[in-house]
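Asks: The following block contains a protein sequence and its predicted model.
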Amino acid sequence: MATNENSSAVRLNKFKNKGKDTSEMRRRRIEVNVEIRKAKKDDQMLKRRNVSSFPDEPTSPLQERNQNGQAPAPWSVEEIVKGVNNPNVEIQLQATQAARKLLSREKQPPIDSIIHAGLITKFVAFLGNVDCSPIQFEACWALTNIASGTSDQTRAVVEGGAIPAFI
């Protein structure tokens, strides 16, 4: 009979949280809640930037493929700067689109390097280009992706004159 009472006591201690340290349970709960909040925050940030979970998936409905059926290689920040400063509007559009894709697809986008390269003022200038609505669209998207970063990155977009251009 003593073994039945002993086994029932062990079973009772295993039931839910009976017999467990309350401070340890509280610490675990807080730790799990923090992890869940961080995961939600990351998911919201990725949604705001329109990042897909599949890296090969295009970011727009238009399938962007070259002759071999492969996605074009991503541009570097230096190539984007050269393209944006090119006098040809078509090359400017391609460079702006490449910047938007770079800012949209990566989990850790190079927002600071885009800001330090001085591209915000060029993107703001592109917003005033009424002759080419695709470049306005791409510049607007790139600027909103930059603004969705930290408060310093948002401040850089505001100080670059984007707010009056958006309005």
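Replies: Arrived safely. Residues are numbered from 1 along each chain as shown.
Asks: now the end-to-end length of stretch 146-156.
Replies: Start-to-end span of stretch 146-156 (Cα to Cα, to the nearest Å) is 9 Å.
Asks: so how far is the helix or strand where residue 135 lies from its chain's centroid?
Replies: According to DSSP states H and E, residue 135 maps onto helix 133-147. Mean-position distance between helix 133-147 and its chain equals 14 Å (Cα atoms, centre = their mean, to the nearest Å).
Asks: Ignoring the adjacent residues along the chain, who's closest to residue 81?
Replies: Leaving out its chain neighbours, the residue that sits closest to residue 81 by Cβ to Cβ, 6 or more residues apart in numbering is residue 117, at 5.0 Å. From N, CA and C alone the C-beta is placed, and that goes for glycine too.
Asks: got the angle between whichever helix in the chain runs longest and helix 133-147?
Replies: Identified as the longest helix of the chain according to DSSP state H is helix 22-48. Between helix 22-48 and helix 133-147, the angle comes out at 160 degrees (axes from the mean of the first three to the mean of the last three Cα atoms, to 10 degrees).
Asks: tell me which strands and helices helix 22-48 is in contact with?
Replies: Helices and strands touching helix 22-48, by 3 or more Cβ pairs under 8 Å, 6 or more residues apart in numbering; DSSP states H and E: there are none.
Asks: How far off centre is it?
Replies: Counting by Cα atoms, centre = their mean, helix 22-48 comes out at 19 Å from the chain centroid.
Asks: What's the first helix or strand after it?
Replies: Once the chain leaves helix 22-48, the next helix or strand it forms, by DSSP H and E, is helix 77-84.
Asks: can you give me the angle that next one makes with helix 133-147?
Replies: Using the same axes, to 10 degrees: helix 77-84 against helix 133-147 is 140 degrees.
Asks: Now helix 77-84: buried residues?
Replies: Neighbour-count burial for helix 77-84, with 16 or more other Cβ atoms under 10 Å as criterion, is recorded at 77, 80-81, 83-84.
Asks: got the buried residues for the helix holding residue 135?
Replies: So, applying 16+ other Cβ under 10 Å, buried residues of helix 133-147: 135-147.
Asks: same thing with stretch 90-100?
Replies: Using 16+ other Cβ under 10 Å as the test for burial, stretch 90-100 gives 92-100.
Asks: Dump the residues you listed to CSV, plus distance to residue 165.
Replies: As requested, the buried residues of stretch 90-100 are exported to CSV (distance: Cβ to Cβ, whole Å):
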residue, distance to residue 165
92, 16
93, 17
94, 21
95, 18
96, 14
97, 18
98, 21
99, 16
100, 16
